[in-house]
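Q: Quick one, what's the 3D model for this:
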Amino acid sequence: MRLVGVVVVLLVCAAPVVAMVAPGGNHGNSSAAETHPPDPSSDVIGWENGYWYNESIDVNQRDGLSDAELKAYVGRAMARVEFIRDEEFTRSVDVEPLSREEYRNLVRQQAARSNTPPQRAWENQVWEGLFVTGERADAARQQTRLYQQRVAGFYVPGEDRIYVISHGQRRIDNATLVHELTHAIQDQHVDLSSSELESKTMDGRRADDGLTEGEAMYVEKRYTNRCGKSWQCVAKPDVGPKRTPYGGGPLPSYNLAMQVALIQPYSDGPAYVASRFDSGEWKAVTEEYRNPPESSKAVIHPETRTDGPERLRLGEQARSGWKLYGKRGVNGSQTVGETGIYTMFWYQGRAEGNPIIRWRQFQNPDEGKFDLFNYSSTPSDGWANDRLWPYHKGDKRGYVWRTKWETPRDATEFRRAYRDLLRGRNATRVGPDTWRIEDGPFADAFRIDRHGRTVTIVNGPTVGDLDDIRPNSKPSTNRKMRFSRIR
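A: Numbers count the residues shown, from 1 in each chain. Okay, here's the model as predicted:
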């Protein structure tokens, strides 16, 4: 069973909810809920399984949902998704509560099947490259723990089935239900399992999610904005997880950097979808599935959608026994994207006390937009592409991370910020553009080489390994060498 369309618990204080007018059409009056409007003679938008979108229902889930209450709750929610989305469900959708413990076991089983030792090692080096997990950490296990703790629900494509994580008694949050029902109606009309939405890279998946999760969040926001105003909504006792401590304080038990990277489509996706809706309503949104965004950059900056990422090649291969991890990712490489680079710099300020960017602005997105968080910063803006190639030689690990930028200035800003990151890790300069971190979870050698719009970072256990991992990457020798701690 493939899990997609997960609702990650964002839990941000004072999240902006922007008032929007629901799409037009002859679907009834939304100004007040009616008790039992007459059923239509045929299935119409805004009516589903015997319930109108503006119908009052007698549901109280303080002591859990009965079967009759669940039927009414889901039926009316489906009608409301139809009304907002201006589209008809073609099949019924099953909604099943799942206990947190059952869900944890399900995620654990899936992780055990997919996270082979080589896959774990490859994944570790990607997150190590972002200074999120140290070389001896288990990044795959940390991602599993994050999903186990922070997911509120998910939809299974092709099965018309939704699972909502329940805490003890059978209770379902309004927003979670509407979010997952939006994935169901997406799947019935555009097929969420299509190859167009199956990227092989981390950044490509965030781009796909920027569309699918962005639409679900957009519908969810338009729904919640009506609750308590024009619509009666079912109340749910607050039994959810604690709020995420983005702004400071002790770090949570799950990996906070992975959480920030994971939720970017949920944050910026709604604004992306809203920009498409403003240009041509729901028809324009549906058209996006024929040509979905290719990078998280396109979702972060919906007002300036550009062509796809520029081409990047590795060139000469490593020597002296250093090898890639087969065909994982794209020919052994991963693309972390603008989101990954932003997360790397954000996490240094939040977790390490090294404020390379204004990390506290993360919870202050631009006014007037649908996004929840701010993923824009000087050293991550201007991204044009990146590829990170993990290498191994026995128990030794290294990588080559090549980034491309829109302008030479963007490349210089990234290189400067990356040097600030190394400085925060007590790196010492040991040669031209070459540094060494002596101890700690990121103890390694690093070389930073910039040519025009391209910045290449080479990582290895020792300075001597750098030349084997990335031959012919030595910086120009006509520079005067300085040996000092980064300032």
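Q: ok, now which ones touch residue 383?
A: 295, 297, 337-338, 341, 403-406, 410 (C-beta atoms under 8 Å, 6 or more residues apart in numbering). Bear in mind the C-beta positions are built from the backbone N, C-alpha and C, glycine included.
Q: of those residues, buried ones?
A: For the contacts of residue 383, a neighbour count by 16 or more other C-beta atoms under 10 Å gives the buried set as 295, 297, 337-338, 341, 403-405, 410.
Q: From those, which land in helices?
A: Among those, the ones falling in helices (DSSP state H) are 297, 337-338, 341, 410.
Q: Helices of the stretch 1-150 of the chain, start to end?
A: Shown for the stretch 1-150 of the chain, the helices assigned by DSSP state H, counting those that start in this stretch span residues 67-85, 100-114, 117-129, 139-150.
Q: just those: most buried one?
A: Across the helices of the stretch 1-150 of the chain, averaging neighbours per residue (mean count of other C-beta atoms under 10 Å) puts helix 67-85 on top, at a mean of 22.
Q: which helices and strands does that one pack with?
A: Judged by 3 or more C-beta pairs under 8 Å, 6 or more residues apart in numbering; DSSP states H and E, helix 67-85 is in contact with strand 47-48, strand 51-52, helix 174-190, helix 202-226.
Q: Same list (those) but as CSV, adding distance to residue 438, mean neighbour count and mean pLDDT.
A: Below are these laid out as CSV (distance: least, C-beta to C-beta, whole Å; neighbours: other C-beta atoms under 10 Å; pLDDT from 0 to 100):
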stretch, distance to residue 438, mean neighbour count, mean pLDDT
strand 47-48, 63, 25, 96
strand 51-52, 66, 24, 96
helix 174-190, 47, 23, 95
helix 202-226, 30, 25, 96
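Q: so where is the stretch 251-400 of the chain shaky, pLDDT-wise?
A: 305-306, 366-369 (pLDDT under 70).
Q: need the helices for it, in chain order.
A: Listed in chain order (using DSSP H, counting those that start in this stretch), the helices of the stretch 251-400 of the chain are 256-262, 264-287, 296-300, 328-331, 337-352.
Q: Need the contact partners of the fourth one.
A: The reference is to helix 328-331. For helix 328-331, the external contacting residues (C-beta under 8 Å, 6+ apart) are 118-119, 122, 200-201, 324, 334-335, 387.
Q: same question, the first one
A: For helix 256-262, contacts defined as C-beta under 8 Å, 6+ apart pick out 8, 127, 130, 132, 142-143, 146, 150, 206, 244-246, 339-340, 343-344, 346-347, 350-351, 362, 373.
Q: Of those residues, select the buried ones using a ChimeraX command.
A: The ChimeraX command for the buried members of the contacts of helix 256-262 (criterion: 16+ other C-beta under 10 Å) is given here:
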select :8,127,130,132,142,143,146,150,206,244,246,339,340,343,344,346,347,350,362,373
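Q: okay, the helices of the stretch 1-150 of the chain in CSV with distance to residue 317 next?
A: Shown next, in CSV, are the helices of the stretch 1-150 of the chain (distance: least, C-beta to C-beta, whole Å):
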stretch, distance to residue 317
helix 67-85, 49
helix 100-114, 27
helix 117-129, 17
helix 139-150, 25
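Q: Identify, out of the helices of the stretch 251-400 of the chain, the most deeply packed stretch.
A: Greatest average neighbour count among the helices of the stretch 251-400 of the chain goes to helix 296-300 (a mean of 29), per mean count of other C-beta under 10 Å.
Q: Convert that helix to PDB, retaining C-alpha atoms only.
A: Only the C-alpha atoms of helix 296-300 are listed here, as PDB (Å, rounded to 0.1, in the frame of the first residue of the first chain):
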ATOM      1  CA  SER A 296      10.300  23.600  -5.300                       C
ATOM      2  CA  LYS A 297      11.600  26.900  -6.600                       C
ATOM      3  CA  ALA A 298       8.600  27.200  -8.900                       C
ATOM      4  CA  VAL A 299       6.300  26.600  -5.900                       C
ATOM      5  CA  ILE A 300       8.200  29.000  -3.500                       C
END
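Q: now that helix, how far from the centre of its chain.
A: 11 Å (C-alpha atoms, centre = their mean, to the nearest Å).
Q: which secondary structure elements does it contact?
A: Secondary-structure packing of helix 296-300 (3+ C-beta pairs under 8 Å, 6+ apart): helix 202-226, helix 264-287, helix 337-352.
Q: Let me have these in CSV, adding distance to residue 136 as columns.
A: Putting the helices and strands packed on helix 296-300 into CSV (distance: least, C-beta to C-beta, whole Å) gives the following:
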stretch, distance to residue 136
helix 202-226, 22
helix 264-287, 27
helix 337-352, 17
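Q: Ok, which of those helices comes nearest residue 156?
A: Among the helices and strands packed on helix 296-300, helix 202-226 comes nearest to residue 156, with 14.0 Å by C-beta to C-beta.
Q: does residue 440 really touch residue 425, like I thought?
A: Yes: Residue 440 lies in contact with residue 425 (C-beta atoms under 8 Å); the separation is 7.0 Å.
Q: Neighbour count for these two, which is higher?
A: With neighbours defined as other C-beta atoms under 10 Å, residue 440 and residue 425 compare such that residue 425 has more, 21 against 11.
Q: Contacts only, for the more buried one.
A: Residues near residue 425 by C-beta under 8 Å, 6+ apart: 131, 352, 354, 437, 440, 442.
Q: Surely the last one touches residue 136?
A: Yep, that's residue 442 we're talking about. No: the criterion here is C-beta under 8 Å, and residue 442 misses it with residue 136 at 10.4 Å.
Q: of these two, who's got more company?
A: Neighbours were counted for residue 442 and for residue 136 using other C-beta under 10 Å; residue 442 has more, 19 against 9.
Q: if I look at residue 335, how far off is residue 376?
A: Per C-beta to C-beta, to the nearest Å, residue 335 is found 19 Å from residue 376.
Q: Residue 150 too?
A: Taking C-beta to C-beta as the measure, residue 150 falls 24 Å from residue 376.
Q: Distance of residue 169 relative to residue 73?
A: 14 Å.
Q: can I see the domain layout of this protein?
A: As given by automatic domain parsing, the domain ranges for the chain are 4-238+254-290+297-303, 314-469.
Q: what residues are up against residue 146?
A: Contacts of residue 146 (C-beta under 8 Å, 6+ apart): 254-255, 258-259, 262.
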